[in-house]
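>>> Let's see this in three dimensions:
(2 chains)
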Number of protein chains: 2
Amino acid sequence: MPIQPLKKELVSFLEPYMPENAGVLGEQEKPYVILTYAQSLDARIAKIKGTRTIISHQETNTMTHYLRYKFDGIMLGCGTVLVDDPGLNCKWWPDDEPKPEHFAEHSPRPIILDPNGKWKFEGSKMKTLFDSGDGKAPIVVVKKLPEVVEENVDYLVMQTNFTGKVDWHDLFIQLKSQFGLKSIMVEGGGIVINDLLQRPHLIDALVITVGATFLGSEGVEVSPLIEINLKDISWWKGTRDSVLCSRLVSHS
Amino acid sequence: MPIQPLKKELVSFLEPYMPENAGVLGEQEKPYVILTYAQSLDARIAKIKGTRTIISHQETNTMTHYLRYKFDGIMLGCGTVLVDDPGLNCKWWPDDEPKPEHFAEHSPRPIILDPNGKWKFEGSKMKTLFDSGDGKAPIVVVKKLPEVVEENVDYLVMQTNFTGKVDWHDLFIQLKSQFGLKSIMVEGGGIVINDLLQRPHLIDALVITVGATFLGSEGVEVSPLIEINLKDISWWKGTRDSVLCSRLVSHS
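Now for the predicted structure:
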């Protein structure tokens, strides 16, 4: 399905938060990282755990494809990937260019956080898109290499700590040094977002779509364990959604 | 403390949702009722239960006073009133009128939901404002009349059901028929809002301020038990906050 045209005003709205405007941040060891997701008014990103929920309006869906055009990598937890089977490619291209024959070139590299090896590239929508030249093959972040490695997949083996989590700082640095990813957008799911919201030294910006609906208290929630303050706040007002761009204030 | 001037664009933004534009709704047995509150991105209206948290920017604080000018009654649960000790009066007046000597006339009638008689008017900020002519005396909704009734307070005795809750429909009708309140804004707290969000036949509009901050998962949350869909959606973009106006879609 083709996407809607991008609203012109979104380009200037997003500009200060895009990787090319990162300035000295772009020269760091760590890639430029944003968190971006769509939530309901009651801060739910899905109605029920294990289901996919469409929250954003078509115009903010197009914005997501524009972001994918701008970023080198797109990161998701395996829970979300197993539920949604997302394509993660970029279907947007600049107005002054002809429609690309294939979408792979402009698409970000998928990065799947799958420490316990639950997800398979084979049979996924990502694989279908890769096969037709419309998407890139993923980097899968694992605790140890699977017994049978999949063709075209790059594995990044990371140690986990005693709570089963990877060291985010180390992970981002490896993604830049080993795979050349200078910018990464993190799209979900809830566990990944809640964890990264508390790491202002790693996250360079937030792009949050707020949809005008309540998904209800049984939904998958975004709410960090601690209070988080924001700065450089900017809102865009859409038809049904609003979008917030901002940066995280570092803990004192 | 005086409030900031009202942003002109907020007047036209709010207009379709104001009681004077309720049309036939204004002729009903039930008053025109809106829910209005300020929340963080993670749908928290307070950081910790039992504490007051300022979420909204000064410009949306002024909007609240403008709403109080427009509505006959302002309703709160006693939990919020006990914690915040709010004044609930209206400090806004139209530009083309001289500053009022006192604020009582333009202020809404406070309606405190206090089934078990925990709150006292005596010693409250509401009482101070009432004494100086800057606020109205409250209607207190109780299960039974207290042994010692307070001067200037009107009591509305309502039966509660087996879960200790009043019948909302009956309550609103009594507030109109007994006290002449044709319009009521409900400001909180969490329990009241979550309950009323699920009653689209009683709630005529929502006015929700979304502040650009995360209060954290320990905060007081607004999220109804069930999914709620909205219609007639309109967003206003402020400096740090966005405001959503909308109506609830009735359950099919």
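>>> can I assume A:Thr239 is in contact with A:Glu59?
Yes. In this structure, A:Thr239 sits in contact with A:Glu59. The criterion is C-beta atoms under 8 Å, and the distance is 6.3 Å. All C-beta atoms are positioned from the backbone trio N, CA, C, and that covers glycine.
>>> quick one, which of these two is more surrounded?
Neighbour comparison, A:Thr239 and A:Glu59: the larger count goes to A:Glu59, with 20 against 13 (by other C-beta atoms under 10 Å in any protein chain shown).
>>> Can you read off the pLDDT for the more buried one?
The predicted local confidence for A:Glu59 comes out at a pLDDT of 86.
>>> for A:Lys47, same thing?
Among the per-residue scores, A:Lys47 holds a pLDDT of 88.
>>> Likewise for A:Phe162?
pLDDT at A:Phe162 comes out at 72.
>>> Wasn't it part of a helix?
No. When the secondary structure is assigned by DSSP: H, G, I helix; E, B strand; the rest coil, A:Phe162 falls in coil instead of a helix.
>>> Count the neighbours of A:Ser56 for me.
20.
>>> Tell me how far it lies from A:Thr213.
Taken as C-beta to C-beta, to the nearest Å, the spacing of A:Ser56 relative to A:Thr213 amounts to 10 Å.
>>> and what of A:Gln28?
Using C-beta to C-beta, one obtains 38 Å as the distance from A:Gln28 to A:Thr213.
>>> Could you check which of these two has the larger neighbour count?
Looking at A:Gln28 and A:Thr213 with other C-beta under 10 Å, you find the greater number of neighbours at A:Thr213, namely 23 against 14.
>>> And the pLDDT at that one?
In the prediction, the pLDDT value recorded for A:Thr213 is 96.
>>> looking at it, it is touching B:Leu230, isn't it?
Yes. Counting by C-beta under 8 Å, A:Thr213 touches B:Leu230, with 5.9 Å between them.
>>> Which stretches in chain A count as helices?
Listed in chain order, the helices found in chain A under DSSP state H are A:8-14, A:58-70, A:78-84, A:125-131, A:168-179, A:190-196.
>>> Nearest to B:Val81, out of the ones you listed?
helix A:190-196 (32.1 Å; C-beta to C-beta).
>>> so what's A:Ala212 closest to, chain neighbours aside?
Setting aside the residues directly before and after it, A:Ala212 is nearest to B:Ile233 in space (C-beta to C-beta, 6 or more residues apart in numbering or on different chains), at 4.4 Å.
>>> Now do the same contact list for that neighbour.
With contact taken as C-beta atoms under 8 Å, 6 or more residues apart in numbering or on different chains, B:Ile233 is in contact with A:212, A:239-240, B:244-246.
>>> what does chain A put close to chain B?
Counting by C-beta under 8 Å from any C-beta of the partner chain, the residues of chain A lying close to chain B are A:39, A:41-44, A:47, A:194, A:197, A:208, A:210, A:212-219, A:221-230, A:233, A:235-240, A:242, A:244, A:246.
>>> who's in contact with the residue of the stretch 51-200 of chain A found nearest chain B?
Per C-beta to the nearest C-beta, the residue of the stretch 51-200 of chain A with the smallest distance to chain B is A:Leu197, at 6.5 Å. Contacts here follow C-beta under 8 Å, 6+ apart; on that basis A:Leu197 touches A:35, A:203, A:206, A:222, A:224, A:228, A:248, B:214.
>>> do A:Leu6 as well
A:62-63, A:66, A:92.
>>> Return the distance of A:Ile45 relative to chain B.
Using C-beta to the nearest C-beta, to the nearest Å, we find A:Ile45 at a distance of 11 Å from chain B.
>>> surely that residue meets A:Ser223?
No. In this structure A:Ile45 lies outside contact range of A:Ser223 using C-beta under 8 Å: 10.8 Å.
>>> need the strands for the stretch 101-250 of chain A, in chain order.
Ranges of strands in the stretch 101-250 of chain A, per DSSP state E, counting those that start in this stretch, are A:109-113, A:139-142, A:154-157, A:183-188, A:205-211, A:213-214, A:220-221, A:228-237, A:241-248.
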